[in-house]
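> Coordinates for the following, if possible.
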Amino acid sequence: MTLDASSLQVVKATDRRLRRTDRSKGASIALHAALIGASAIAVFPVFWVFITSLKPDARAVEPTPKLFNESSLDNYTRVLSGEKGDFLAWFGNSVLIALMTTVIGVFISATAGYAASRFRFPGKRGLMMSFLLVQMFPFAVLIVPLYNILIALGLNGTSIGLVLVYCTTAVPFCTYMLKGYFDTVPADIDEAGRVDGLSPFGVFWRLIMPLAKPGLAVTAFYAFLTAWGEVAFASAFLSAADESKTLAVGLQVFVQQNRTEWGHLAAASILVAIPAIVVFYLVQRFLVQGLASGAVKG
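Numbering: from 1, shown residues only. Okay, here's the model as predicted:
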């Protein structure tokens, strides 16, 4: 049986598709194997901290550890009961400071990003460049000047002072991200809002903000993490009283001069990570879209 030219082309095209399918299966297997390996490498340290949190301090760093040897929840009970420090007070301080940083930081960043996206004013380009430049300096060099400013304002040793410090570190990056996201929102929406009688702030608050939920989710997550796990600023700007500490600072009670209580430290670390995981779960569906949109324009 002979094949005409069109039939021969169909056969060749089918053969090419089959070959591509075969190659894609091999590539898919290799890709999945690489992803599984990378996931295992990323998850193993967290898994090991969890296993350590279930062990007594004396057996937490055994030369030949056994995964579930003498495992119990005693470390979690002691940490939560306040036997090793006022953990619940630290938790409340961290939640309050992180939420205040997130709300204030995102609001300032959103208004600044919207202004930079929609309005022209002298120094706009230099302002946006400064937001990037300040991210290049280590935050440790800011401790002394920020300390002097808080002393002058009478806010040293207070939660409000620490929130303002965290906002100085979170707002520049968040503003740059949101400015890029607002650039992707058509300016026609602003004009339609003004035609309907909305004020400039009304356009921003009632029209643009609902459309910017993915970008706001990214910046809120970043601002929350900035305040949640930070140690240096909290150690320098909060009072030494136990009830005023945040979680990251309070964990230092488990690291003593002569020994480290690894089991209690691991249990507290797992408890500290839970709120960050919850926040990530709540905003995860916005993260990819918000990051991609915020990086389109700058």
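> contacting residues for the residue positioned nearest the centre of the chain?
For the chain, the residue nearest the mean C-alpha position is Tyr222 (3.8 Å; Cα atoms, centre = their mean). Tyr222 makes contact with 170, 173-174, 177, according to Cβ atoms under 8 Å, 6 or more residues apart in numbering. (Each C-beta comes from the backbone N, C-alpha and C, glycine too.)
> Which strand or helix spans it?
Assigned by DSSP states H and E, Tyr222 belongs to helix 213-228.
> Quick check: buried residues in that helix?
213-228 (16 or more other Cβ atoms under 10 Å).
> Pull the CA coordinates from it and hand them back as CSV.
Backbone C-alpha positions of helix 213-228 (Å, rounded to 0.1, in the frame of the first residue of the first chain) are rendered in CSV as follows:
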residue,chain,number,x,y,z
LYS,A,213,-5.0,42.2,46.8
PRO,A,214,-2.2,40.0,45.4
GLY,A,215,0.4,42.7,45.7
LEU,A,216,-0.9,43.6,49.2
ALA,A,217,-0.7,40.0,50.2
VAL,A,218,3.0,39.8,49.2
THR,A,219,3.9,42.9,51.1
ALA,A,220,1.9,42.0,54.1
PHE,A,221,3.7,38.6,54.3
TYR,A,222,7.1,40.3,54.0
ALA,A,223,6.2,42.9,56.6
PHE,A,224,4.9,40.2,59.0
LEU,A,225,8.1,38.1,58.7
THR,A,226,10.3,41.2,59.1
ALA,A,227,8.8,41.7,62.6
TRP,A,228,8.1,38.1,63.6
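> moving C-terminal of that helix, what's the next helix or strand?
Where DSSP H and E defines the elements, the next helix or strand beyond helix 213-228 is helix 232-237.
> Next SSE downstream of that next one?
Next along from helix 232-237, by DSSP H and E: helix 247-250.
> could you point out which element follows that following helix?
Counting by DSSP H and E, the next helix or strand C-terminal to helix 247-250 is helix 262-294.
> What average pLDDT does that next one get?
The average pLDDT within helix 262-294 is 79.
> Helix 213-228 and that one, what's the angle between them?
Calculated by axes from the mean of the first three to the mean of the last three Cα atoms, to 10 degrees, helix 262-294 forms an angle of 150 degrees with helix 213-228.
> What is helix 262-294 packed up against?
Secondary-structure packing of helix 262-294 (3 or more Cβ pairs under 8 Å, 6 or more residues apart in numbering; DSSP states H and E): helix 5-53, helix 74-81, helix 87-118, helix 159-183, helix 213-228, helix 247-250.
> Would you reformat the ones you listed as a markdown table and include mean pLDDT and distance to Ile143?
Shown next, in a markdown table, are these (pLDDT from 0 to 100; distance: least, Cβ to Cβ, whole Å):
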| stretch | mean pLDDT | distance to Ile143 |
| --- | --- | --- |
| helix 5-53 | 74 | 29 |
| helix 74-81 | 86 | 29 |
| helix 87-118 | 92 | 17 |
| helix 159-183 | 89 | 9 |
| helix 213-228 | 89 | 15 |
| helix 247-250 | 85 | 14 |
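> how about a markdown table for these, with distance to Phe139 added?
Output for the helices and strands packed on helix 262-294, formatted as a markdown table (distance: least, Cβ to Cβ, whole Å):
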| stretch | distance to Phe139 |
| --- | --- |
| helix 5-53 | 24 |
| helix 74-81 | 28 |
| helix 87-118 | 14 |
| helix 159-183 | 6 |
| helix 213-228 | 10 |
| helix 247-250 | 14 |
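> Out of the ones you listed, which is closest to Gly202?
helix 87-118 (12.5 Å; Cβ to Cβ).
> I'd like the distance from the closest one to the chain centre, please.
12 Å (Cα atoms, centre = their mean, to the nearest Å).
> buried sites along it?
So, applying 16+ other Cβ under 10 Å, buried residues of helix 87-118: 87, 89-91, 93-95, 97-98, 100-102, 104-106, 108-110, 112-118.
> What is the neighbour count of Asn148?
Residues contacting Asn148 under the criterion other Cβ atoms under 10 Å number 11.
> Kindly apply the preceding question to Pro122 instead.
Using other Cβ under 10 Å, Pro122 is surrounded by 7 other residues.
> can you pull the pLDDT of it?
pLDDT, Pro122: 86.
> Where does it sit: helix, strand or coil?
Assigned with DSSP: H, G, I helix; E, B strand; the rest coil, Pro122 falls in the coil class.
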